[in-house]
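J.: Give me the fold of what follows.
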Amino acid sequence: MRAAIYVRVSTQGQVETQTIKQQIVRLKEHIQAQGWLLDPAHIYRDDGHSGASLARPGLDGLRDRAAFCEFDVVVLTDPDRLARNYVHLVLVLDELEQRGVRIEFLDRPMSDDPHDKLLLQIRGAVAEYERTLIADRMRRGRLMKYKTGQLIPWTKIPYGYRLDPAGSRKPEHVYLDEAEAAIIVEMFNGYLEAGVTIYQVAKRLIDKGLPTPEGKKRWSTSTVRRILKNTAYIGTTYANRTQTVPPKMRRSALQDPGARGETQVLRPEKEWIPISVPAIVDQELFDRVQQKLSTNRQASPRNNTAHQYLLRGLVSCGLCRLSAHGRTVHAKYHYYVCQGHSKALQFAPEERCTARFIPVKPLDELVWKDLYAVLTHPDMIKYALERAHGRHWIPQELQARIERLSKAERQITRQQKRLLDAYLQEIIEIKEFERKRIELEKKQEVLKTEKIQLEAASLEQIEMSTIAKSIEAFCYKIQPVLEDATFAQKRQLVELLIDRVVVFDEQVEIRYVVPTKPDGPHIPFCQLYAAYRRDVR
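T.: Residues are numbered from 1 along each chain as shown. Next comes the predicted model:
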């Protein structure tokens, strides 16, 4: 009789302790005692694969070859090795039996008796219960360690951090990679520069030849965005922040509807467990980046670029509080339309918003007229100047960033010395030495360039401070520019200085990023022109 062997262990630790080889030895001895034939090609194994899933290379190979009748019996140590899910166990057993292949368990011999088959099914159900119970206990144990600060919830160490290889996954064993931390700081500050997008940040990293966190050459915008949104860089990471749920839609229209997979969603914030780690950027810098990320998403050019809407992505309906997007009717009538009105099924399922269409021209002219007054106001221009040039930091902060880069350069110098020592002592080979040397030289070159740019920015900041002292002179200088400003220049100023324009039918509230009055930044402005009432359709 031709025999086949299937063995499995679920953890890498079991693989390393030779558990899977012990199973093979026992099964070979049993086959030899029975006088069966065993082809080495019919030993199927899954190292480090869970029995909760059928997607296992060894099991797939076993099932494929069984379809060609290449063996008559499959020998295993225990039903748990085949599957820990009751439904999966019954499915595989039924499939093999239909192929004329007999299953034999070394530790729990079974026969064709109906009682034995019932017992096997009961054991499968018990195994599934045990697996669920173990998983729940492990989950609760991890949560307890998270709450007491004994464990980091990282399956993958974020860029800029290192974990002491001699220690465990405890927060106190986390330390910074100074070179990567300096790059993180420059990514945050670089993104805040006027007109810089996530794509441009990623392109800068590629042009500098820096490898990604995965060691690849090309940075993606999703990787950069994930770094910019990671709260670990301000000193706090969170456990129990997400949970796995079935997705509500398919990733692709060509995908099999049954292949839904899983997706991650946020848990309620009160369930998050904060864990302290070393910080790389300060809270103010992080908050400003989050604000720009949010603003850029609302005002994304892909939302509407066919026509010139000065307030694109900035108008909100005062009735339902939803955004209003630009719309052109019959190629000549331009409006801002509340999404609660135009997309009622998506945004307001209970009732459609009754807000009227807002004519673009009167509203744009009204807001620009008021913004013009703000920009020429002597008391407000200093703050507006700082915001317009993206220089919200102070010289002391620039010096701190320069010092961080210098510290990172010194660390790389020490790493180069240790690398050379390791090569001279024949601890590493020449190929590994060259690869590491080139990588360190690239980092050193990038840090040096960043330091030069920061020193230049520091000098520029001093010049900007000097200009800002002469408020009245700046007012006289900017007035001619404002008179003849192009649409692109107006749009840039609107994006920088206006947070939101809220329309309540005939009343408009302009919410500035800068205060327009001593008593606060959110001052209701005025009524719309009378033309607004005539043009509404």
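J.: Could you find the residue nearest the spatial middle of the chain?
T.: Arg226 (3.5 Å; CA atoms, centre = their mean).
J.: Report the buried residues of the helix or strand where it lies.
T.: Here Arg226 sits within helix 221-229, counting by DSSP states H and E. For helix 221-229, a neighbour-count test (16 or more other CB atoms under 10 Å) marks Thr223, Val224, Ile227, Leu228 as buried. C-beta coordinates here come from the backbone N, C-alpha and C atoms, glycine included.
J.: any weak-confidence spans in the stretch 51-200 of the chain?
T.: Within the stretch 51-200 of the chain, the segments meeting pLDDT under 70 span 86, 108-129, 131, 167.
J.: Find the nearest non-adjacent residue to Glu450, please.
T.: Leaving aside its sequence neighbours, Glu450 sits nearest to Glu186 (CB to CB, 6 or more residues apart in numbering; 5.2 Å).
J.: I figured that neighbour hits Thr449, correct?
T.: No - Glu186 is beyond contact range of Thr449, at 9.8 Å (criterion: CB atoms under 8 Å).
J.: out of those two, which sits in the more crowded spot?
T.: Glu186 (23 against 13; other CB atoms under 10 Å).
J.: If you average the pLDDT over the helix or strand in which Val7 is found, what comes out?
T.: Val7 belongs to strand 2-9 when assigned by DSSP H and E. For strand 2-9, mean pLDDT rounds to 91.
J.: quick one: that strand to chain centroid distance?
T.: Taking CA atoms, centre = their mean, to the nearest Å, the mean C-alpha location of strand 2-9 is offset from the chain mean by 41 Å.
J.: Let me know the secondary structure of Val265.
T.: On the three-state scheme (DSSP: H, G, I helix; E, B strand; the rest coil), Val265 is labelled strand.
J.: same question, Val501
T.: Once three-state DSSP is applied, Val501 turns out strand.
J.: Double-check it against Arg312; I have them as touching.
T.: No - Val501 is not in contact with Arg312 according to CB under 8 Å; the separation is 10.9 Å.
J.: Run a quick neighbour tally on Ala4.
T.: By the measure other CB under 10 Å, the count of residues near Ala4 is 25.
J.: Revised request: answer the last question for His49.
T.: Other residues close to His49 by other CB under 10 Å number 17.
J.: Check Ala135 too.
T.: 12.
J.: Could you do Ala331 as well?
T.: Neighbours of Ala331 (other CB under 10 Å): 7.
J.: Repeat that for Ala83.
T.: Per other CB under 10 Å, the neighbour tally for Ala83 reads 25.
J.: Once you drop chain neighbours, what's closest to it?
T.: Leu89 is the one closest to Ala83 (CB to CB, 6+ apart), at 4.2 Å.
J.: Look at the one you found and give its secondary structure.
T.: helix.
J.: hang on, it packs against Leu76?
T.: No - in this structure Leu89 lies outside contact range of Leu76 using CB under 8 Å: 11.3 Å.
J.: Could you tell me which residues touch both of these two?
T.: Jointly contacting Leu89 and Leu76 under the rule CB atoms under 8 Å, 6 or more residues apart in numbering are Leu82.
J.: now the farthest one out in this structure, which residue is it?
T.: Quick read of the chain (CA atoms, centre = their mean): farthest out is Gly35, 57.1 Å.
J.: and the gap between that residue and Val73?
T.: 12 Å (CB to CB, to the nearest Å).
J.: Check Gln290 too.
T.: 62 Å.
J.: Neighbour count for the two, which is higher?
T.: Val73 (16 against 13).
J.: Who is the more buried one paired with across the strands?
T.: Ala3, Arg102 (DSSP bridges).
J.: Break down the stretch 101-250 of the chain into its strands, ranges please.
T.: 102-105, 161-163, 174-176, 236-239, 242-245 (DSSP state E, counting those that start in this stretch).
J.: same check, this time on the stretch 251-400 of the chain
T.: Under DSSP E, counting those that start in this stretch, the stretch 251-400 of the chain gives strands at 263-266, 273-276, 315-317, 324-329, 333-338, 358-359.
J.: okay, these in JSON lines with mean neighbour count and distance to Gln453 next?
T.: Below are the strands of the stretch 251-400 of the chain laid out as JSON lines (neighbours: other CB atoms under 10 Å; distance: least, CB to CB, whole Å):
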{"stretch": "strand 263-266", "mean neighbour count": "12", "distance to Gln453": "37"}
{"stretch": "strand 273-276", "mean neighbour count": "16", "distance to Gln453": "32"}
{"stretch": "strand 315-317", "mean neighbour count": "23", "distance to Gln453": "37"}
{"stretch": "strand 324-329", "mean neighbour count": "19", "distance to Gln453": "38"}
{"stretch": "strand 333-338", "mean neighbour count": "22", "distance to Gln453": "40"}
{"stretch": "strand 358-359", "mean neighbour count": "23", "distance to Gln453": "43"}
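J.: what about the ones you listed, which gets the closest to Tyr146?
T.: strand 273-276 (4.6 Å; CB to CB).
J.: Paired strands for the closest one, with orientation please.
T.: As defined by DSSP bridges, the strand partners of strand 273-276 come to strand 236-239 (antiparallel).
J.: pull the CA atoms of the strand or helix carrying Ile43 into PDB?
T.: If you go by DSSP H and E, Ile43 is part of strand 37-47. Output of strand 37-47 as PDB, limited to C-alpha atoms (Å, rounded to 0.1, in the frame of the first residue of the first chain):
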ATOM      1  CA  LEU A  37       5.700   2.000   0.800                       C
ATOM      2  CA  LEU A  38       6.600   5.700   1.300                       C
ATOM      3  CA  ASP A  39       7.900   7.900  -1.400                       C
ATOM      4  CA  PRO A  40       9.900  10.800   0.100                       C
ATOM      5  CA  ALA A  41       8.000  13.100  -2.400                       C
ATOM      6  CA  HIS A  42       4.900  12.300  -0.500                       C
ATOM      7  CA  ILE A  43       6.000  13.800   2.900                       C
ATOM      8  CA  TYR A  44       3.900  16.900   3.100                       C
ATOM      9  CA  ARG A  45       4.700  19.500   5.900                       C
ATOM     10  CA  ASP A  46       3.600  22.900   7.000                       C
ATOM     11  CA  ASP A  47       6.100  24.700   9.100                       C
END
